[in-house]
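Chemist: Sequence first, then the predicted structure:
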Amino acid sequence: MFKRMSAIYSWRRTLWEMGIKQFRARYAASVLGVAWALLSPFLITLVVVFVFTAVFRVEMERFALFVLAGMFPWMFISRSLQDAASSLLSQQGLLRQFSFPREVLPLSSVLSSFFTFLVGWIVVYPVFFFAQPRLFVFFPLWACIIIATLLFTCGIGLLLSVANVFWRDTGHFLDVLLLFWFWATPVFYSTDMVPAHLRWVYTVNPLVPFIDFYREVLLFGRMPQPALFIAVCCLSVISLGSGLWVFSRCEERLLKRI
């Protein structure tokens, strides 16, 4: 794994440039351009808040911020996984013409979405800061969870990119999986609202610690429990390590299947 990481690091400039290129291409033809990175989480949050406050009448203090703290990371993860899954097939010409670590393609797709994620924080972070002035004390923790989310997503993205080459139905299955994963993740509700007999779902959902971490820091302005911190770190390392290992084991067969 360390050998693969070293090879990817040596191609870091290419990875960066490909991520920037995809980021620019994502908004090149739109009128508002990069502003969509700022508008999307708020528009979706407003819709969810309207449904669950005006229709279902969920009574929760600072519900809009509660939803935003979960929705914004989820949008980054779901978009990244969809792009990474199709990255090898959509850019197969590069695989045949150039010799470089093939992981660069799915990782550049994740990096492109990560740039959108960072741009969105320019507006999202001050909103939480206004509601929770102590937030500046926990800025290093916010940076840690951002990096942990990136590493976790990179690992899953690598796995999906491999799966999509061998099983072309992966992209269709991923749409259904993400839909189920979204509703099984406490984005717009807390785990306390879930019936006791269904809470086992949240013990096996790897996104729950990440969402809880974001809320502990951004919404409540407090230090996460050590167990939560350890869970996030372990999930990030396991995800990235698994993705790199599987990709390296399947790389030769990938080139034959593309």
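Modeler: Thanks, I have the structure now.
Chemist: which residues sit in contact with Phe23?
Modeler: Phe23 makes contacts with Ser112, Phe115, Thr116, as judged by CB atoms under 8 Å, 6 or more residues apart in numbering. (Each C-beta comes from the backbone N, C-alpha and C, glycine too.)
Chemist: actually Gln132, not the one I typed
Modeler: Gln132 touches Leu218, Leu219, Phe220, Gly221, counting by CB under 8 Å, 6+ apart.
Chemist: And the first one, how close does it get to Ala29?
Modeler: Here the criterion is CB to CB, to the nearest Å. By it, Leu218 lies 33 Å from Ala29.
Chemist: Remind me what the top helix by length along the chain packs against, helices and strands.
Modeler: Looking across the chain with DSSP state H, the single longest helix is helix 226-257. Contacts defined by 3 or more CB pairs under 8 Å, 6 or more residues apart in numbering; DSSP states H and E place helix 226-257 against helix 2-10, helix 139-166, helix 207-214.
Chemist: Rebuild the ones you listed as a markdown table, extending it with mean neighbour count and distance to Val55.
Modeler: Converted to a markdown table, these look like this (neighbours: other CB atoms under 10 Å; distance: least, CB to CB, whole Å):
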| stretch | mean neighbour count | distance to Val55 |
| --- | --- | --- |
| helix 2-10 | 12 | 47 |
| helix 139-166 | 21 | 30 |
| helix 207-214 | 23 | 23 |
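Chemist: How about the residue nearest to the spatial centre of the chain: what's its closest non-neighbour residue?
Modeler: Centroid-nearest residue in the chain, with CA atoms, centre = their mean: Ile77, separated by 2.1 Å. Spatial nearest neighbour of Ile77, chain neighbours left out: Thr153 (5.3 Å); criterion: CB to CB, 6 or more residues apart in numbering.
Chemist: Provide a list of residues in contact with that neighbour.
Modeler: By CB under 8 Å, 6+ apart, the residues touching Thr153 are Phe76, Ile77, Ser80, Leu81, Val110, Phe114, Ser239.
Chemist: Recalculate using a threshold of 10 Å.
Modeler: 73, 76-81, 84, 107, 110-111, 113-114, 117, 210, 236, 239-240, 243 (CB atoms under 10 Å, 6 or more residues apart in numbering).
Chemist: Filter the residues you listed down to the ones in helices?
Modeler: Using DSSP H, those in helices are 73, 76-81, 84, 107, 110-111, 113-114, 117, 210, 236, 239-240, 243.
Chemist: Show residues contacting stretch 235-248.
Modeler: By CB under 10 Å, 6+ apart, stretch 235-248 touches 1-5, 7-8, 84, 88, 101-103, 106-107, 144-145, 147-163, 206-210, 254.
Chemist: cutoff 6 Å now
Modeler: Around stretch 235-248, the neighbours that count as contacts under CB atoms under 6 Å, 6 or more residues apart in numbering are 1, 4, 103, 148, 151-152, 154-156, 158-159, 162, 206.
Chemist: Stretch 3-14 now?
Modeler: For stretch 3-14, the external contacting residues (CB under 6 Å, 6+ apart) are Phe100, Pro101, Glu103, Val104, Leu244, Ser248.
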